[in-house]
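J.: Structural data only, the sequence is not supplied:
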């Protein structure tokens, strides 16, 4: 099958409703601008590892297909429900970002730069749509949809910049705390060590009447062992794993992370980074050997205080040699 047909060689093109119009018609300009828009979104998607952001960008790209179909005379319709969905996403990202003051200079990060490019393109599409709206070639819903879309992409861009800023602050705080210094060691968290550590923590948990999930991670934050006591909450599985990960990734206890990430503290907003894996309440501790973090222990199932006490008990056992 040929990709080319030759039907548009005369400068006209057909719409889904069988109308033929000039390729220079404002409707075609709008379709082309939306094509540019979704391509810029695709560029942003390749730059980010934020799973939630990727999911939302994919949702938008798929919805733009429906938008373009309606513009081109198709039967699919963009509705007020689509607009409400965009507004909910805007609120979500701005809540994570906080107030943005002053003018924005694009280019702080690769992701935000691509999103700002997408934002400028959809703004252009909105200007084209304004003329079509005045001529009654498109309805109010499509125009409002474009307006909300540009706001959403702005919010996404500022969110990604905030995440990068938080990472920089984390590194600075860790430098000040002397936690970024490398110290080569052969110490490893083996499965045998993890089993012995979990056994001790479980025994302590049974003594205190708390049913918990215990996770042990290696120096890369990867899970070595996961143990769930009978009747421990299912939700505690992911929480325990993420507590172990957090303590390794940030080289400090999750209790300490919580203190540093309160509103007004230097790491505020940290919990929204790393694919939302960062835990900011007690129950996770780093496991050290010769001053170097070689793993992490995460405990979840009781109160934050109970989890923290069990994790710190596990740390004491580990330091004594399990």
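T.: Nice, I can see it. Note that the structure is a prediction, hence the values are computed from the model and not measured.
J.: elements contacting the longest helix belonging to the chain?
T.: Using DSSP state H, we find that the single longest helix of the chain is helix 140-176. If contacts are counted by 3 or more CB pairs under 8 Å, 6 or more residues apart in numbering; DSSP states H and E, helix 140-176 sits against helix 51-71, helix 80-97, helix 110-134. The C-beta positions use only the backbone N, C-alpha and C, and glycine is treated the same way.
J.: Relative to residue 4, which of those is closest?
T.: Ranking the helices and strands packed on helix 140-176 by their distance to residue 4 (criterion: CB to CB) puts helix 51-71 first, at 20.9 Å.
J.: any idea of the mean pLDDT in the closest one?
T.: What helix 51-71 shows for mean pLDDT is 95.
J.: Any buried residues in it, and which?
T.: Applying a neighbour-count criterion of 16 or more other CB atoms under 10 Å, one finds 53, 56, 57, 60, 63, 64, 67, 68, 69, 70, 71 buried in helix 51-71.
J.: List the buried residues of stretch 141-157.
T.: Taking 16+ other CB under 10 Å as the basis for neighbour counts, the residues of stretch 141-157 that come out buried are 142, 144-157.
J.: Can I get the helices and strands packed on helix 140-176 in JSON lines including distance to residue 6?
T.: JSON lines is the format used below for these (distance: least, CB to CB, whole Å):
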{"stretch": "helix 51-71", "distance to residue 6": "23"}
{"stretch": "helix 80-97", "distance to residue 6": "36"}
{"stretch": "helix 110-134", "distance to residue 6": "27"}
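J.: out of these, nearest to residue 219?
T.: Ranked by CB to CB, the member of the helices and strands packed on helix 140-176 that lies closest to residue 219 is helix 51-71, at 23.5 Å.
J.: Could you break this structure into its assigned domains?
T.: 12-176, 191-320 (automatic domain parsing).
J.: Pick the most deeply packed of the ones you listed.
T.: Burial of the domains of the chain is given as mean neighbour count (mean count of other CB atoms under 10 Å); domain 191-320 ranks first at a mean of 20.
J.: Just give me how far it sits from the chain centre.
T.: 22 Å (CA atoms, centre = their mean, to the nearest Å).
J.: Span of that domain from start to end?
T.: Terminal residues of domain 191-320 are spaced 18 Å apart (CA to CA, to the nearest Å).
J.: Let's test this: mean pLDDT of it, rounded?
T.: For domain 191-320, the mean pLDDT works out to 92.
J.: separation between the closest residue to residue 268 other than its chain neighbours and residue 231?
T.: Counting by CB to CB, 6 or more residues apart in numbering, residue 261 is the residue found nearest to residue 268 once chain neighbours are left out, at 5.6 Å. Distance of residue 261 to residue 231, given as CB to CB, to the nearest Å: 31 Å.
J.: And residue 80, by the same measure?
T.: Using CB to CB, one obtains 46 Å as the distance from residue 80 to residue 231.
J.: Show me where the stretch 201-322 of the chain has its strands.
T.: Counting by DSSP state E, counting those that start in this stretch, residue ranges of the strands within the stretch 201-322 of the chain are 213-218, 223-228, 284-289, 292-300.
J.: any chance of those strands in JSON lines, plus distance to residue 269?
T.: Supplementary listing: those in JSON lines, determined by distance: least, CB to CB, whole Å:
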{"stretch": "strand 213-218", "distance to residue 269": "24"}
{"stretch": "strand 223-228", "distance to residue 269": "26"}
{"stretch": "strand 284-289", "distance to residue 269": "19"}
{"stretch": "strand 292-300", "distance to residue 269": "22"}
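J.: Determine which of those strands approaches residue 7 most closely.
T.: Closest approach to residue 7 among the strands of the stretch 201-322 of the chain is made by strand 223-228 (57.0 Å; CB to CB).
J.: Partner strands of the closest one, with direction?
T.: Strand 223-228 sits in its sheet next to strand 213-218 (antiparallel), going by DSSP bridges.
J.: List of residues touching the strand it pairs with?
T.: 188-189, 194, 197-198, 201-202, 205, 223-229, 232-233, 236-237, 239-241, 243-245, 247-248, 287, 294-301, 314 (CB atoms under 8 Å, 6 or more residues apart in numbering).
J.: Lovely, talk soon.
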